[in-house]
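Asks: How does the following fold in three dimensions:
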Amino acid sequence: MIPLLSAAAMREADARATAARGTDALVRAAGTAVGHEARRMLGRCYGARVAVVVGPGLNGGDGRVAGAWLRARGARVDVIEARDAPTSLVGYDLVIDAAFGLGCSRPYTAPSLSPATRVLAVDLPSGVDADTGALLGSPPRADVTLALGAVKFAHVTGPAAHLVGELRYASLGIVVPHDDLVTDGVMDDADLVDVVRTAPDDHKWRHALQVYAGSAMMPGAGALVVLGALAGGASMVRVAARDAAAGDVAREAVRVDAGPVDPRCRAVVAGPGVGAGAASWLGPWLEAAPAPVVLDADALDGDLVARARVAAHPWILTPHDGEYARLHGTPAGDDRVSAARALARTSGCVVLLKGPTTVVADPDGRVRVARAGTAALATAGSGDVLSGLIGASLARGHDPLSAAALSAHLHGRAGARLALYAGASRLGPAITAVLEEAVASRR
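Replies: Here you go, the predicted model:
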């Protein structure tokens, strides 16, 4: 997990690192990381034309070090003070935006650029509020933003998120995930190593999952939940459909009659494809369920969600924007972190707010962000697969916040392997491949 910090927490982390290592050492480390990222973007240094727009603070110092690093490797570098910058910069291969970073508090207007010029933002695009993502003036649109020390909320939420481009990260050794400043984080591929936990005495009931999904109108929903659950490591999946005409599920699943959750099950998924009236059908069984519950699709009903407060175990809600607005009464809007936190607080549930950037929040306000989503997941049934993944992760022993966040990142990484609109049924093999690579990377 990559640390996700507020501006105040980042300043505290910087102060600690400065006391231990000194300002010059930190600026050199940051500037060198920016130089390496610039070379990656350019594909070369020698002969490349680079403009570095620098401000008066540490962000500007990082840019100056990066400019010197690139010049020493043959790039033609112009360092331009932000206060003296022209209204346009023409003829450059790359512009490094190091004008104003974390502490920007006044409007900034970025110079216009040639169409072929790429932009590397140092820590944040200049002219952005680090906590809210609000735009201060006319910030640049970056091709790449290199987050320094930690990811900031403006990278993942608010109006500025679409200006970030590709988000990359340089830790600089300033903060680590278990630091006392870190309560929030952005999911990383390294987190996937521990998705499927195993034990020497595993057996089919140890990670069993109960699913309530599918109906005559949507007969395939249960099969897609099962696909995600089995790919995510569920050892047994028991499926109860809304009616007998709900269709077949995977051969590895067990079709059961609708009724209370088997006490041997370690997690429950409810809602995909069950149709109207889900609350009255599911409510009594879920409220007394002997394990955590994932509510998706038709189960995201206000009457059913209200039962979470008295349920025996935690519940996870998985709304897209339309379902969020129906549950919370207001749209999610640009600030998706605040939106997820608000619904988690009022519902008492962990909330996974779906989108290209998926935000997961728990009732205590802790947040996990998954940025791996792609357009290939914007297809019917992909959410059913995700709910199965979350259920499997719960059954494998992950806490609800971690289960939802790990599953969202894994789901996104699997989707990135598919052709656009390849269909949700193709996600199973892709999930397996992503997990196999994660495990292999640990060896």
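
Asks: now what about stretch 299-316, what contacts it?
Replies: 212, 270-271, 274, 278-279, 282-283, 286-295, 317-319, 323, 326-327, 347-352, 390, 394, 400, 403-404 (Cβ atoms under 8 Å, 6 or more residues apart in numbering). Just so you know, the C-beta spots here come from the backbone N, C-alpha and C atoms, and that holds for glycine as well.

Asks: measure it end to end?
Replies: Criterion Cα to Cα, to the nearest Å; first-to-last residue distance in stretch 299-316 is 11 Å.

Asks: now it: how far from the chain's centre is it?
Replies: Distance, stretch centre to chain centre, for stretch 299-316: 24 Å (Cα atoms, centre = their mean, to the nearest Å).

Asks: now stretch 251-266
Replies: For stretch 251-266, the distance to the chain centre is 31 Å (Cα atoms, centre = their mean).

Asks: Could you work out the end-to-end span of it for me?
Replies: Start-to-end, stretch 251-266 (Cα to Cα) is 21 Å.

Asks: Give me the mean pLDDT for it.
Replies: Stretch 251-266 comes out with an average pLDDT of 88.

Asks: Would you indicate which residues of that stretch are buried?
Replies: Ala253, Val254, Val261, Asp262, Cys265, Arg266 (16 or more other Cβ atoms under 10 Å).

Asks: same question, stretch 164-177
Replies: Buried-residue list, stretch 164-177, by 16+ other Cβ under 10 Å: Val164, Gly165, Leu167, Tyr169, Ala170, Ser171, Leu172, Ile174, Val175.

Asks: again, but for stretch 203-210
Replies: Those would be Arg206, His207, Ala208, Leu209, Gln210, for stretch 203-210 by 16+ other Cβ under 10 Å.

Asks: Convert that stretch to CSV, retaining C-alpha atoms only.
Replies: Only the C-alpha atoms of stretch 203-210 are listed here, as CSV (Å, rounded to 0.1, in the frame of the first residue of the first chain):
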residue,chain,number,x,y,z
HIS,A,203,-10.3,-27.9,3.6
LYS,A,204,-13.3,-27.0,1.5
TRP,A,205,-15.3,-25.4,4.4
ARG,A,206,-12.5,-23.3,5.7
HIS,A,207,-13.1,-20.5,3.1
ALA,A,208,-16.7,-21.3,2.1
LEU,A,209,-18.9,-18.6,0.7
GLN,A,210,-22.7,-18.3,0.5
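
Asks: any idea how far it is from the chain center?
Replies: 28 Å.

Asks: just checking, what packs against the one helix or strand Trp281 maps to?
Replies: Applying DSSP states H and E as the criterion places Trp281 in helix 278-287. Judged by 3 or more Cβ pairs under 8 Å, 6 or more residues apart in numbering; DSSP states H and E, helix 278-287 is in contact with strand 208-212, strand 267-270, helix 302-305.

Asks: List the contacts of the spatially closest residue to Phe153 that is not a sequence neighbour.
Replies: Excluding the flanking residues, the one nearest Phe153 by Cβ to Cβ, 6 or more residues apart in numbering is Asp131, at 5.3 Å. Counting by Cβ under 8 Å, 6+ apart, Asp131 touches Ser6, Ala7, Lys152, Phe153, Ala154.

Asks: quick one: Thr79 is in a strand?
Replies: Quick fix: residue 79 reads Val, not Thr. Yes - counting by DSSP: H, G, I helix; E, B strand; the rest coil, Val79 falls inside a strand.

Asks: how much space is there between it and Leu70?
Replies: Distance of Val79 to Leu70, given as Cβ to Cβ, to the nearest Å: 10 Å.

Asks: Compare the two and say which one has the larger neighbour count.
Replies: For the pair Val79 and Leu70, the greater number of neighbours falls to Leu70 (26 against 18), based on other Cβ atoms under 10 Å.

Asks: From Gly348, how far out is the more buried one?
Replies: Taking Cβ to Cβ, one finds Leu70 at 52 Å from Gly348.

Asks: Low-confidence regions, this structure specifically.
Replies: 197-201, 244-250, 375-376, 378, 380, 419-422, 443 (pLDDT under 70).

Asks: which parts of stretch 146-166 are buried?
Replies: 146-161, 163-165.

Asks: swap in stretch 133-143?
Replies: Gly133, Leu135, Leu136, Pro139, Pro140, Ala142, Asp143.

Asks: Let me have those in CSV, adding secondary structure and distance to Gly43 as columns.
Replies: Converted to CSV, these look like this (DSSP: H, G, I helix; E, B strand; the rest coil; distance: Cβ to Cβ, whole Å):
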residue, secondary structure, distance to Gly43
Gly133, coil, 30
Leu135, strand, 31
Leu136, coil, 33
Pro139, coil, 26
Pro140, coil, 21
Ala142, coil, 18
Asp143, coil, 13
